[in-house]
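K.L.:
sharing a model prediction with you, sequence too.
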2 protein chains.
Amino acid sequence: MKNTVSRCPIEGVMQVLSGRWPTLLLYYLKDGTKRFGDLRRDNPTISHRMLTVELRKLEDAGIVRRSAFEGYPLRVEYDLTPKGLELVPLIDALGQWWVRAAGYPRNGIRRAEAPAG
Amino acid sequence: MKNTVSRCPIEGVMQVLSGRWPTLLLYYLKDGTKRFGDLRRDNPTISHRMLTVELRKLEDAGIVRRSAFEGYPLRVEYDLTPKGLELVPLIDALGQWWVRAAGYPRNGIRRAEAPAG
DNA sequence: AGTAAATTACGCACTTTTTTGTAACCAGAT
DNA sequence: ATCTGGTTACAAAAAAGTGCGTAATTTACT
């Protein structure tokens, strides 16, 4: 998943959305503005390092907006940009496809017997 | 991205679609049936091993159908299952979002100044 | 009054885990 | 020997986790 020039738009999107966290963060951010700690509580298994890294990646992709406020204790808020909001229904569609297709019959055709012609 | 029980459907989909190859293979397979060697030529940078690994993953997910025919040299064909076909427009939508959103204005709000209240 | 501890959102260095690539080997008919 | 579609073992690379340090203010306690 290294940085490669992508001829195909699919490569570009997947560079950003691939992995366990990006879509999951989108999922939580679509409810509205969240703080760093909120997102950690939403998903307790993400490490603080990964959360910063992934948020930064989404920010760089123009999907998430980061707003830091002066003062202590620190306060930083994250929310979706218009671009990010457009992405949400597309991700949702994938989720729906996943649950819908879960009941599909297994493709039983393995090692089909047929003339090699 | 290891095997975790996914409460959220998003996690499930991304487990299969994450990475550089899955969506790309979908992209090539949507044109119709392809053989192993075809797919390697379509994407010369994928290693022999990764192609088998990724194809097997997609097959296990019920997205790709694998048909092996008797005889030598070997002949194995890959195509999309109905489930896989349903996925294609969703992936395409992501690609379109990517190119459409590429021209969006950068989110310039960084380190916003505001009362910490 | 003085001090210790908690808070919040990280950055950095280091270790572990996971993923991907390489190369060699296999089958068996032409 | 070559062709095709694989498998396996090993090595390299990338991704993810761990733990420590930082900052200024509040709270908790003595």
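P.N.:
Looks like it arrived, so ask away. Residues are numbered from 1 along each chain as shown, chains lettered A, B, ... in the order given.

K.L.:
quick one: pLDDT of the spatially most central residue of chain A?
P.N.:
In chain A, the C-alpha nearest the mean C-alpha coordinate belongs to residue A:23, at 1.9 Å (CA atoms, centre = their mean). What the model reports as pLDDT for residue A:23 is 97.

K.L.:
so which strand or helix has it?
P.N.:
Using DSSP states H and E, residue A:23 sits within helix A:22-29.

K.L.:
excluding chain neighbours, give the residue nearest to the residue nearest to the centre of chain A in space.
P.N.:
Nearest residue to residue A:23, sequence neighbours excluded (CB to CB, 6 or more residues apart in numbering or on different chains): residue B:10, at 4.7 Å. Where you see a C-beta, it was placed from the backbone N, CA and C, and this is true even at glycine.

K.L.:
packing partners for the helix holding residue A:23?
P.N.:
Helices and strands touching helix A:22-29, as assessed by 3 or more CB pairs under 8 Å, 6 or more residues apart in numbering or on different chains; DSSP states H and E, comprise helix A:36-42, helix A:48-60, strand A:75-80, helix A:82-102, helix B:9-17.

K.L.:
picking that back up, you'd agree the residue nearest to residue A:23 is up against residue A:94?
P.N.:
Yes - if you go by CB atoms under 8 Å, residue B:10 and residue A:94 touch, sitting 7.1 Å apart.

K.L.:
any residues in contact with both of the two?
P.N.:
Shared contacts of residue B:10 and residue A:94, defined by CB atoms under 8 Å, 6 or more residues apart in numbering or on different chains, are found at residue A:23.

K.L.:
stretch A:25-35 spans what distance, first to last residue?
P.N.:
12 Å (CA to CA, to the nearest Å).

K.L.:
that stretch near DNA strand C anywhere?
P.N.:
Yes - applying CB under 7 Å from any atom of the strand, one finds stretch A:25-35 touching DNA strand C at residue A:35.

K.L.:
where does chain A dip in pLDDT?
P.N.:
A:1-7, A:105-117 (pLDDT under 70).
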